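Chemist: I'll drop the sequence and a predicted model, then ask my questions.
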Amino acid sequence: MRLGYFAMPLHPPGADPATTMDDDLAQLATLDRLGYEEAWIGEHFTAQWENIPCPDLFIARALGMTKKMKLATGVSCLPNHDPLMLAQRIAQLDQMARGRFYWGVGSGPMSINFVPPRILKTHWEGVETGARRAGRVADRTTWRIARDVYVADTDARARREAIGGTLGRDDRDYFLRLLPKLRGFDMLKVDPTMPDPEVTLEYLCDNIWIVGSPDTVARKLATLSDDVSGFGTLLVIAHEWTPRGAWERSMRLLAEEVVPRLSRAGSARSRAAGRGSSRSPRRPRRGRGR
């Protein structure tokens, strides 16, 4: 499993745009040093919490602050742009990035960061359908799934800091107020029949977010991968993390403790499958003749 980042970004209304964008850039520089492979930057024109209307300009600045990480628009909302102006900006940015740029395009639908596996599986079915129509084969290793992730040394500490910290604040004050005005809470529900009042921060922490110690987070990510039959890259959702040291610790634990656990577990499963397939087939037992 590869690691990346998805920055909408998220900052409370009234926050200073220059300061928050500097903070977002500093996060990317940190993740680049930790070996995160890519970062996708959102584009929003009217969302007060998500204050980057020009991800291409942000990416141009980030290219000079990172060395290896690929940077991407997540996404360029095509209905909002003059096609010629957008095309020439993206073409120039691609040349300046020298292979470190992905261009994500779309119509700007609601983010799917919260959806449970039962909905994620239908997304991949759509990808496979589109690939067949184009005469191509869909590759799961290119599938990226975004999730809120927070890792601490213990489950209790991770849960306390996630619910009581920036992650909990953003969901409580923004998403849980916004979603009822749009699609409602159905997209958050593991069980479609559960009542809306049960969609709480505690529910999100237990069922949607990936929160816990390195062992717990590795187990939850392995379960997520199994539930959707595999994916290639985990995109960690960006927040205005304070204190910054706790966020850096979480991102380092994810890269240095969680991903190696997943790799070892995957290798063990592959070896076990190999041993099983290399065994000679057992001959059927024959009953005694009479």
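Modeler: That came through, no problem.
Chemist: When you work out contacts or count neighbours from here on, use the C-alpha atoms and nothing else.
Modeler: Noted.
Chemist: lowest-confidence helix or strand of the chain?
Modeler: Least confident helix or strand of the chain, by mean pLDDT, DSSP states H and E, is helix 259-278 with a mean of 73.
Chemist: which other residues reach the strand or helix carrying Trp247?
Modeler: Trp247 is part of helix 244-253 when elements are defined by DSSP states H and E. For helix 244-253, contacts defined as CA atoms under 8 Å, 6 or more residues apart in numbering pick out Thr30, Leu31, Leu34, Tyr150, Val151, Ala152, Pro214, Trp241.
Chemist: how about the fifth one, phi and psi?
Modeler: Per-residue torsions, Val151: phi -120, psi 130 (degrees, to the nearest 10).
Chemist: Tell me where this protein has helices.
Modeler: Taking DSSP state H as the criterion, the chain contains helices spanning 17-34, 55-63, 83-97, 117-133, 155-164, 166-170, 176-178, 201-207, 214-227, 244-253, 259-278.
Chemist: Can you add mean neighbour count and distance to Asp191 and give those back as CSV?
Modeler: Shown next, in CSV, are those (neighbours: other CA atoms under 10 Å; distance: least, CA to CA, whole Å):
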stretch, mean neighbour count, distance to Asp191
helix 17-34, 17, 35
helix 55-63, 19, 36
helix 83-97, 13, 41
helix 117-133, 14, 9
helix 155-164, 18, 22
helix 166-170, 19, 22
helix 176-178, 14, 18
helix 201-207, 17, 11
helix 214-227, 18, 15
helix 244-253, 17, 29
helix 259-278, 13, 27
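Chemist: about what we covered before: can you add distance to Trp40 and give the contacts of helix 244-253 back as CSV?
Modeler: As requested, the contacts of helix 244-253 are arranged in CSV below (distance: CA to CA, whole Å):
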residue, distance to Trp40
Thr30, 15
Leu31, 13
Leu34, 16
Tyr150, 19
Val151, 21
Ala152, 24
Pro214, 24
Trp241, 18
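Chemist: closest to Cys205 among the residues you listed?
Modeler: Within the contacts of helix 244-253, the smallest distance to Cys205 is 9.9 Å, found for Tyr150 (CA to CA).
Chemist: do you know how far that closest one is from Asp22?
Modeler: 22 Å (CA to CA, to the nearest Å).
Chemist: go on, Asp94?
Modeler: Here the criterion is CA to CA. By it, Asp94 lies 22 Å from Asp22.
Chemist: Hmm, Val127 is touching Ala138, no?
Modeler: Yes: taking CA atoms under 8 Å as the definition, Val127 is a contact partner of Ala138 at 6.7 Å.
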